[in-house]
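Asker: one predicted model, sequence on top.
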Amino acid sequence: MINPQYLNYKQYKIWKYTTSNIEIKDIILAWLIVSLAFAIVDAGFNFFNANFAFMFLTSAIAVGSGFLFHEMAHKLVAQRYGCFAEFRADRMMLILALAMSFVGFVFAAPGAVMIGGGHVDLKRNGKISIAGPLTNFVLAVLFMVGNIFLPNVIFSYGFIINAWLGLFNMIPFGFFDGKKIFRWNIGIWIGTVAIGVFLILLRFYVI
């Protein structure tokens with residue numbers, strides 16, 4: 001049976017890459033829910049005060065961008081290899097993330113890029129996988145530099161979240177990116193983990 005959402009599937013081309021109305025809706029949904037969940041953890045349940053609004057904005061920039069650009073990095077590399085690649089939100093995990101935020105903790109796995117077609121061997125799969133964590137590390141460095149010149153909560157939060165998100169995804173087990181990178185090239189896996197550890201340790205000196 002065809003999923004009803006695909007009856008209205010519309011694809012758009014942006015330069016060399018493609019997206020769709022379904023992917024855009026799922027990205028917006030995941031970004032909003034993740035930002036809301038982290039804002040609840042940091043600011044409590046008072047949704048109508050300035051502090052909550054500020055933390056929602058902070059989460060949208062620092063946390064939401066980390067998840068979004070991580071997944072988009074996977075997508076862009078996969079599409080360069082001729083694959084179909086689109087983000088799909090995991091609605092059950094988004095509900096779980098939001099529910100957990102009310103007890104002061106968030107485990108966010110808002111969705112993933114669905115990849116199909118193309119010729120994806122072990123090496124290409126490793127490159128698709130490493131694109132996500134490396135993007136987080138680049139974002140962490142950008143947030144860190146921003147915080148050095150203009151110290152504020154958004155920059156410091158963005159640095160910490162992206163450094164941890166990149167390193168966390170290097171776990172070489174289960175569904176994590178690290179498993180595919182480890183299988184492709186152990187040396188590259190070790191080097192990437194070392195970058196993440198360095199950034200985590202760096203926070204004690206620059207943040």
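Answerer: Perfect, thanks for sending it. Residues are numbered from 1 along each chain as shown.
Asker: got the buried residues for the helix or strand in which S59 is found?
Answerer: In the assignment (DSSP states H and E), S59 maps to helix 50-59. Within helix 50-59, the residues scored as buried using 16 or more other C-beta atoms under 10 Å are 52, 55-56, 58-59. Bear in mind the C-beta positions are built from the backbone N, C-alpha and C, glycine included.
Asker: also stretch 90-109?
Answerer: 93-94, 96-98, 100-101, 106, 108.
Asker: name the nearest of the residues you listed relative to I28.
Answerer: L94 (11.9 Å; C-beta to C-beta).
Asker: how near is I200 to F69?
Answerer: Distance from I200 to F69, counting by C-beta to C-beta, to the nearest Å: 19 Å.
Asker: show me what the helix holding S59 is packed against.
Answerer: Counting contacts by 3 or more C-beta pairs under 8 Å, 6 or more residues apart in numbering; DSSP states H and E, helix 50-59 is packed against helix 21-43, helix 153-168.
Asker: between the next helix or strand along the chain from the last one and helix 153-168, how big is the angle?
Answerer: It stands for helix 153-168. Using DSSP H and E, the helix or strand that follows helix 153-168 in sequence is helix 177-184. Counting by axes from the mean of the first three to the mean of the last three C-alpha atoms, to 10 degrees, helix 177-184 lies at 40 degrees to helix 153-168.
Asker: ok now helix 177-184, how far from the chain's centre?
Answerer: Mean-position distance between helix 177-184 and its chain equals 17 Å (C-alpha atoms, centre = their mean, to the nearest Å).
Asker: so which bits of that helix are buried?
Answerer: Buried residues in helix 177-184, counted by 16+ other C-beta under 10 Å: 177-182, 184.
Asker: same check on stretch 32-45?
Answerer: Buried, per 16+ other C-beta under 10 Å, within stretch 32-45: 33-43.
Asker: and the spatially most central residue of the chain, how far is that from N162?
Answerer: Central residue of the chain (C-alpha atoms, centre = their mean): F67, 1.8 Å from the mean position. Going from F67 to N162 by C-beta to C-beta gives 10 Å.
Asker: re earlier: so which of the helices and strands packed on helix 50-59 comes closest to G191?
Answerer: The nearest among these, by C-beta to C-beta, is helix 153-168 at 12.7 Å.
Asker: so which elements touch that closest one?
Answerer: So helix 153-168, by 3+ C-beta pairs under 8 Å, 6+ apart, packs with helix 50-59, helix 65-80, helix 122-149, helix 186-206.
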